[in-house]
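Asker: Got a predicted structure plus its sequence, pasted below:
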Amino acid sequence: MTSKPVSSASPSSNQPKAEHIDHFSRLIGAGNCLTAAQDVAPYCEELRDKFHGCTPLVLKPGTSAEVSAVMKYAYDNNLAIVPQGGNTGLVGGQVPDASGDQIILSLERLKTIREIDADSNVAIVEAGVILEVLQQAAEDAGRFFPLSLGAQGSCQIGGNLSTNAGGTGVLAYGNMRDLVLGLEVVLPDGRLWNGLRSLRKDNTGYDLKHLFIGAEGSLGVITAASLKLFPKPLQQEVAFAGVADPHQALKLFNLARNHAGSMLTGFELMPRMGMDFVLAHLPGARDPLADPHPWYCLVEVTATTKALDSRALIEAIFAQSFEEGLVDDAALAESQQQASDFWALRHGMSEVQRAEGGSIKHDISVPVSQVPAFLDRALPACKEALPGCRPVPFGHMGDGNLHFNISQPVGADKDAFLARWEEINEKVHAIVSDMGGSISAEHGIGLLKRDLLPGVKDPIELDLMRAIKRQFDPKGLMNPGKLLPNEQ
Ligand SMILES: Cc1cc2nc3c(=O)[nH]c(=O)nc-3n(C[C@H](O)[C@H](O)[C@H](O)COP(=O)(O)OP(=O)(O)OC[C@H]3O[C@@H](n4cnc5c(N)ncnc54)[C@H](O)[C@@H]3O)c2cc1C
């Protein structure tokens, strides 16, 4: 799939005109209304260079009240809004269409950490706070915010909520949905809903916050969130293990889980091909093991108390895994730096694929026990369809979530390879569906998978989703054309 314009999907909205721009300037200041082509261009493209749209206007309100005023005016004047956070989304949800009718609403100026309440283990933060900034603020307060992903230096809390982001901490702490206590949201008509509660228990009816989490900006604009914090891990042990195949990896996972319980905080799977790419393209990367292995597992154990010995625990896990012949070789990190270096190999695996040419991508999940069986079926299917291709299936094995990516054969024509994207997706997704899995484990639907949704969702579920959309956004002005396919 090569870069393509996002097709127009909001025929009922108006094109923003000079009078609208003047009004927005009065609401939030002219300097926060970008109209020059070179200023708006970066907001119209995304990292993977798959989708590009255009907009006459990027609005950057600085407070929730300003977001509310902007949304009310947009609603009254039938102007379509595309919320944008850090613009690291991988399914095109944050990019406007090609009509030039859609206004981008950037949350980048809403970056206040309103409160960190260490006693309640709660942080109240605005939508534009960068994930890494929150992680650091939590640490400074002696606490831990566990969401962790490769884009954490630029993705924002509002984007993490709107995509229900996952990442490497899900195994122990859950995804973004599990980390939320309350939300502040501006509805499509401009009303500001203050649902910023910090309660652990609150059974007072429908839990509306969950509708906005994972909604990809289709129901409203999240302006702030009340988030859970956790005790800071005081011990961390990371091991890098070479294994023969994903079946051995699954056995290792279960062994580690049985030993460590909730202290097992990371279990990632990587193929040798991915390691080859990382070693070739990630500056400073070094193979922790002396010899190459077909597959690798990164295993992390942490403890939030000094009373338990996490080193003894991980040593026991690997002693038994060697005894049972699950692992061919393993290295235990001897320092914090080495632990970070091991993680860097895993985190670098997404980015380095770009240097190897075209890559056809999937973000799938199956039940954890089915990961090896899925690979046994999907890898031969892809190799048969794409002779010479270089599969790089890697990711969060402990969550049953793999980024099942296929790099082009060496020397192949990139465009011709990427032209096979839909065909290969279809083959892989058919296997996923057959195994009771999901075609989007953590990246969302956006534009990339919008038209696949009717094929995988129960029609009743799709009907209910459309009814919710109509209820919240009767004019269809919120991120039009994303997530939900047009009604037939
Ligand atoms: C290198 C790399 C690694 C990644 N790793 C992971 C990973 O491990 N796990 C994972 O889940 N994702 C991962 N991602 C994907 C991406 O980082 C996440 O989806 C992230 O949560 C998006 O946040 P963002 O602020 O960039 O949102 P954007 O890309 O700006 O927006 C994403 C969606 O949310 C909507 N949106 C944004 N802000 C708001 C708001 N305040 N209110 C309403 N709607 C809003 C947008 O309209 C869009 O539909 C990765 C991306 C990269 C580039």
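Answerer: Ah, there it is. Quick caveat: nothing in here was measured; it's all calculated off a predicted structure. Residues are numbered from 1 along each chain as shown.
Asker: just checking, V299 touches L252?
Answerer: Yes - contact criterion C-beta atoms under 8 Å: V299 and L252 qualify, at 7.4 Å. In this view, the C-beta of every residue, glycine as well, is placed from N, C-alpha and C.
Asker: In terms of helices and strands, where is the residue in the chain positioned nearest to the ligand?
Answerer: Closest to the ligand within the chain is G159: 2.1 Å, counting by C-beta to the nearest ligand atom. Using DSSP states H and E, the element containing G159 is helix 157-162.
Asker: can you list contacts of the next helix or strand after that helix?
Answerer: Using DSSP H and E, the helix or strand that follows helix 157-162 towards the C-terminus is helix 170-173. Applying C-beta atoms under 8 Å, 6 or more residues apart in numbering, the contact partners of helix 170-173 are 146-147, 179, 230, 262, 264-267, 302, 396, 398-399, 401.
Asker: Let's see which of these end up in helices.
Answerer: If you go by DSSP state H, the contacts of helix 170-173 have nothing in helices.
Asker: and those, which two are the farthest apart?
Answerer: By the measure C-beta to C-beta, F230 and N401 form the most distant pair in the contacts of helix 170-173, at 21.4 Å.
Asker: about what we covered before: what about V299 and L252, which has more around it?
Answerer: V299 (29 against 26; other C-beta atoms under 10 Å).
Asker: and the more buried one, bridged to which residues?
Answerer: A239, F267 (DSSP bridges).
Asker: now it: how far from P485?
Answerer: 40 Å (C-beta to C-beta, to the nearest Å).
Asker: ditto for Q235
Answerer: Going from Q235 to P485 by C-beta to C-beta gives 48 Å.
Asker: With P367 instead?
Answerer: Relative to P485, and taking C-beta to C-beta, P367 is found at 27 Å.
Asker: More neighbours: which of those two?
Answerer: P485 (18 against 12).
Asker: Show the model's pLDDT score for the more buried one.
Answerer: P485 is assigned 85 on the pLDDT scale.
Asker: And I113, by the same measure?
Answerer: 98.
Asker: Return the residues in contact with it.
Answerer: A123, I124, V125, E126, V129, V133, L134, A137.
Asker: Would you tell me what helix or strand the second one is located in?
Answerer: To tie it back to what came earlier, the one meant is I124. Judged by DSSP H and E, I124 forms part of strand 122-126.
Asker: Neighbouring strands - and their directions - for that strand?
Answerer: Assessed with DSSP bridges, strand 122-126 is paired to strand 113-117 (antiparallel), strand 221-228 (antiparallel).
Asker: Which strand residues bridge V122?
Answerer: Where V122 sits in a bridge, its partners, by DSSP bridges, are D117, K228.
Asker: Equivalent analysis for the one 4 residues further on, please.
Answerer: On the basis of DSSP bridges, E126 is bridged to A224.
Asker: Count the residues that sit near E19.
Answerer: 9.
Asker: before we move on, what SS does it have?
Answerer: Three-state assignment for E19 (DSSP: H, G, I helix; E, B strand; the rest coil): helix.
Asker: Return the per-residue confidence for it.
Answerer: For E19, pLDDT reads 96.
Asker: looking at this, L345 is in a strand?
Answerer: No - with three-state DSSP as the criterion, L345 is helix rather than part of a strand.
Asker: number of nearby residues for it?
Answerer: 23.
Asker: One more: the one 3 residues further on?
Answerer: If you count neighbours by other C-beta under 10 Å, G348 ends up with 20.
Asker: Per-residue pLDDT of it, please?
Answerer: Looking at G348, the pLDDT reads 93.
Asker: Repeat that for V6.
Answerer: Model confidence at V6 (pLDDT) stands at 50.
Asker: Enumerate the residues of the stretch 301-450 of the chain near the ligand.
Answerer: S350, E351, E442, H443, G446 (C-beta under 6 Å from any ligand atom).
Asker: now with 5 Å?
Answerer: Contacts of the stretch 301-450 of the chain with the ligand, taken as C-beta under 5 Å from any ligand atom, map to S350, E442.
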